[in-house]
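Enquirer: This is a predicted model, with the sequence first.
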Amino acid sequence: MISVEGLTKYYGENAAIKDLAFKISKGEVIGFLGLNGAGKSTTLKVLGCVLAPTSGRVIVDGYDVVENPHEIRKRIGYLPDTPPLYDEMTVGGYLDFVARLRGVAPGDTVARVKAIEEKTGLAAWHDAPINSLSHGYRQRVGVAQALVHNPQLLILDEPTGGLDPVQIVEMRELIKRLKGEHTILISSHILSEISQIVDRLLIIHNGEIVAQGTEDQLAGAAGGGGGLIELQLAGNAQKAVEAAKAVPQVNTVELTQLAGDRVHLQVTAAADVRPALVRAMVTAQLDVLEVKKSHGRLEDIFLKITQKEGSA
Amino acid sequence: MNNVLLIARRELSAYLRTMLGYIIVAVMLFILGILFNAWAMSGTAKKSAEIIADFFTLASGCTLVTSAVLGMPLLAKEREKGTIQLLFSAPIRDWEIIVGKYLSALVFLMVYLGCSFYMPLLVMAYGKVSAGHLAAGYLGLMLVGSVGAAFGTFASALTKNQLVAVIISLVLVIGLTVFWFVARITDRPLTDAVTAMAWYAHFTPFGAGLVHAKHVIYFCLVSFVALFAATRVLEARRWT
């Protein structure tokens, strides 16, 4: 569905994004993660044909964003970081305008607007002026305008930005319901907000993609390949640490808790070494009470990846 | 063409639903009314045709300013509010956005021109003025308004600050007016060239009830150049 190679965008002398490359298949839900100013919005603007790239090649559904932006625009729904709403219009009037603008046949606009209002929970606000809506509902209208023409590709830039916890859950549920119907690109700087929705994550830092993959893959990468393994043992702590360190491919061993003969270890390794660790502990005559692979919090993974890049 | 009408209709509804357009029209009608009374209707007895010619002279200046100011929010407000991204991501050409917005300003200008019609109508009721004279004069005012609206659209494409946009469009209006004054202090053949560029020199025949194709073409050409420049500015926005 989307193929990006060497995508670079300069604002004056400054490169907002540099040499990005990734592919997105039809039907995937992709999360763009990054701090403020990392280049997420710029990337989405290029994919949404709002901005032209400085260099690189971006193909969306077989069309080049520079050569055939018009064809791509017919296939996308785009919600910028600030919903593009005309305050003086009513919700229904605005959605009708956007439907026509996006090429919905005049005879179909009423039905499309009704359907999308029901889908986004706006049916009761059809005649309400947009300037009377709360932030959460304005955001919903923003999503509705991106969906009103039933696009193949849905681009949502920070759809949960500024929402309260209840509204975030509602927005997440709404996006979950859209899964399978559209290819969805969604950006956020708060990872936990989108981790439950997306199939795959692209982490952008300082205009470059520093990591991409599923949450498990990223957790593994942050932990050195095998992720973080937590062990709970009964026995001598010193012996346990030495036995763990002796296991091939183990990077670090940290004693995190010691209460009586109960020992808690955190191990990072280049691969999933849980079987080898258990064997080593048993050989060392330690009782293994619990062994689990921990992904850590997604925020920790993100921080590890971006800090690694920052110090590189 | 559907997209042009769609944009024009939305923009026109924005003029009608907000106070800005009405305020601009009311203020300019007030100024025109005062000038009409103070200049065209004052002094010694005049023929009706002379009063109407004076009215059109005054109205042309007011129309140019009104239309230029009406263009102020067209694109600057879209950029300020971020709604330009809706238009940029929609399957619509840049020229369609520009022409749609320009047309909305021009149609709203008709509210102003319609409200000004009572002045020549009074002269017509109490004097002797031909309908053709009025028709020619109002055609001229629409053409002057077209130039002002095109300038306003262009200026509005240049900045996201509406105040800066209105200043730029008024500077353009003044620039085009200055040619007429420059023509008075230059010698031929420079005078002919400068006069050819001055909008007022092209409007005067309309005010006198005459319609010449060359003057119609002048106003259409200036409007086209301004709208073309506005389209190029909008296109450039996608690259910066």
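Expert: Nice, thanks for sending it over.
Enquirer: what's the pLDDT at the spatially most central residue of chain B?
Expert: By C-alpha atoms, centre = their mean, the mean C-alpha position of chain B lies nearest to B:Gly145, the distance being 2.2 Å. Looking at B:Gly145, its pLDDT stands at 96.
Enquirer: Chain A versus that one, what's the distance?
Expert: Counting by C-beta to the nearest C-beta, to the nearest Å, the separation of B:Gly145 from chain A is 24 Å. For every residue, glycine as well, the C-beta is placed using N, CA and C.
Enquirer: swap in B:Leu141?
Expert: Taking C-beta to the nearest C-beta, one finds B:Leu141 at 28 Å from chain A.
Enquirer: Give me the nearest residue to that residue, chain neighbours excluded.
Expert: Excluding the flanking residues, the one nearest B:Leu141 by C-beta to C-beta, 6 or more residues apart in numbering or on different chains is B:Thr63, at 4.9 Å.
Enquirer: What helices and strands are in contact with the helix or strand that contains the one you found?
Expert: Assigned by DSSP states H and E, B:Thr63 falls within helix B:48-70. Helices and strands touching helix B:48-70, by 3 or more C-beta pairs under 8 Å, 6 or more residues apart in numbering or on different chains; DSSP states H and E, are helix B:19-35, helix B:94-116, helix B:118-126, helix B:131-158, helix B:162-185, helix B:199-207.
Enquirer: count of neighbours near A:Pro37?
Expert: Quick fix: residue A:37 is Gly, not Pro. A:Gly37: 12 surrounding residues under other C-beta atoms under 10 Å in any protein chain shown.
Enquirer: I'd guess it is in a helix, am I close?
Expert: No - under the criterion used here (DSSP: H, G, I helix; E, B strand; the rest coil), A:Gly37 is coil, not part of a helix.
Enquirer: Now for it: which residues touch it?
Expert: Contacts for A:Gly37 were tallied using C-beta atoms under 8 Å, 6 or more residues apart in numbering or on different chains; there are none.
Enquirer: Quick one: the helices in chain A, in order.
Expert: Assigned by DSSP state H, the helices in chain A fall at A:40-47, A:69-73, A:91-101, A:109-119, A:135-147, A:165-178, A:191-195, A:215-222, A:237-245, A:274-283, A:298-311.
Enquirer: Quick one, which of the ones you listed gets closest to B:Val27.
Expert: Among the helices of chain A, helix A:91-101 comes nearest to B:Val27, with 28.6 Å by C-beta to C-beta.
Enquirer: just checking, what packs against that closest one?
Expert: With 3+ C-beta pairs under 8 Å, 6+ apart as the test, helix A:91-101 has helix A:109-119, helix A:135-147, helix B:2-17, helix B:84-88 packed against it.
Enquirer: OK, contacts around residue 96?
Expert: In the absence of a named chain, this looks at chain A. Counted by C-beta under 8 Å, 6+ apart, A:Asp96 has contacts A:109-110, A:113.
Enquirer: looking at chain B here, not the other one
Expert: B:3-4, B:7.
Enquirer: near chain A too, which of the residues you listed?
Expert: B:Asn3 (C-beta under 8 Å from any C-beta of the partner chain).
Enquirer: Just among the contacts of B:Glu96, which is most surrounded?
Expert: Going by other C-beta under 10 Å, B:Ile7 tops the contacts of B:Glu96 with 25 neighbours.
Enquirer: just the contacts of A:Asp96 now: which is nearest B:Gly209?
Expert: A:Thr109 (46.6 Å).
Enquirer: Touching, A:His264 and A:Leu258? I think so.
Expert: Yes - with contact defined as C-beta atoms under 8 Å, A:His264 counts as touching A:Leu258 (7.4 Å).
Enquirer: count of residues packed around the nearest residue to A:Lys45 once chain neighbours are set aside?
Expert: Distances taken as C-beta to C-beta, 6+ apart place A:Leu51 nearest to A:Lys45, at 4.1 Å, with adjacent residues excluded. Applying other C-beta under 10 Å, we find 24 residues neighbouring A:Leu51.
Enquirer: For A:Leu51, which residues are in contact?
Expert: A:9, A:42, A:45, B:238-239.
Enquirer: make it 10 Å
Expert: By C-beta atoms under 10 Å, 6 or more residues apart in numbering or on different chains, the contact list for A:Leu51 reads A:9, A:11, A:16, A:41-45, A:65, B:85, B:88-89, B:237-240.
Enquirer: How about B:Thr63?
Expert: B:28, B:32, B:56, B:109, B:112-113, B:116, B:138, B:140-149, B:203.
Enquirer: Repeat that for A:Leu85.
Expert: So A:Leu85 contacts A:91, A:94, A:98, A:130-131, A:133, A:138-139, A:141-142, A:145, B:81-83, B:86 (C-beta under 10 Å, 6+ apart).
Enquirer: What distance do you get for A:Glu28 to chain B?
Expert: 20 Å.
Enquirer: so what's that residue closest to, chain neighbours aside?
Expert: Nearest one to A:Glu28, counting by C-beta to C-beta, 6+ apart, is A:Asp199 at 5.2 Å.
Enquirer: Out of the helices and strands packed on helix B:48-70, indicate the one that is most buried.
Expert: Mean neighbours per residue, mean count of other C-beta atoms under 10 Å in any protein chain shown, is largest over the helices and strands packed on helix B:48-70 for helix B:131-158, with a mean of 25.
Enquirer: what packs against that helix?
Expert: Judged by 3 or more C-beta pairs under 10 Å, 6 or more residues apart in numbering or on different chains; DSSP states H and E, the packing partners of helix B:131-158 are helix B:48-70, helix B:73-81, helix B:94-116, helix B:118-126, helix B:162-185, helix B:199-207, helix B:213-237.
Enquirer: Next, the angle helix B:2-17 makes with the first one.
Expert: Using axes from the mean of the first three to the mean of the last three C-alpha atoms, to 10 degrees, the direction of helix B:48-70 lies 100 degrees away from that of helix B:2-17.
Enquirer: repeat for the last one
Expert: Counting by the same axes, to 10 degrees, helix B:213-237 lies at 90 degrees to helix B:2-17.
Enquirer: do the same with the fourth one
Expert: Note on geometry: by the same axes, to 10 degrees, helix B:118-126 and helix B:2-17 are set 80 degrees apart in direction.
Enquirer: mean confidence for helix B:118-126?
Expert: Here the average pLDDT along helix B:118-126 is 88.
Enquirer: what angle separates that helix from helix B:131-158?
Expert: Using the same axes, to 10 degrees: helix B:118-126 against helix B:131-158 is 180 degrees.
Enquirer: Return the residues of chain B in contact with chain A.
Expert: Residues of chain B lying close to chain A (C-beta under 10 Å from any C-beta of the partner chain) are B:2-3, B:5-7, B:9-11, B:13-18, B:77-78, B:81-93, B:235-240.
Enquirer: Go again with 8 Å.
Expert: Going by C-beta under 8 Å from any C-beta, the residues of chain B near chain A are B:2-3, B:6, B:10, B:13-14, B:17-18, B:81-93, B:238-240.
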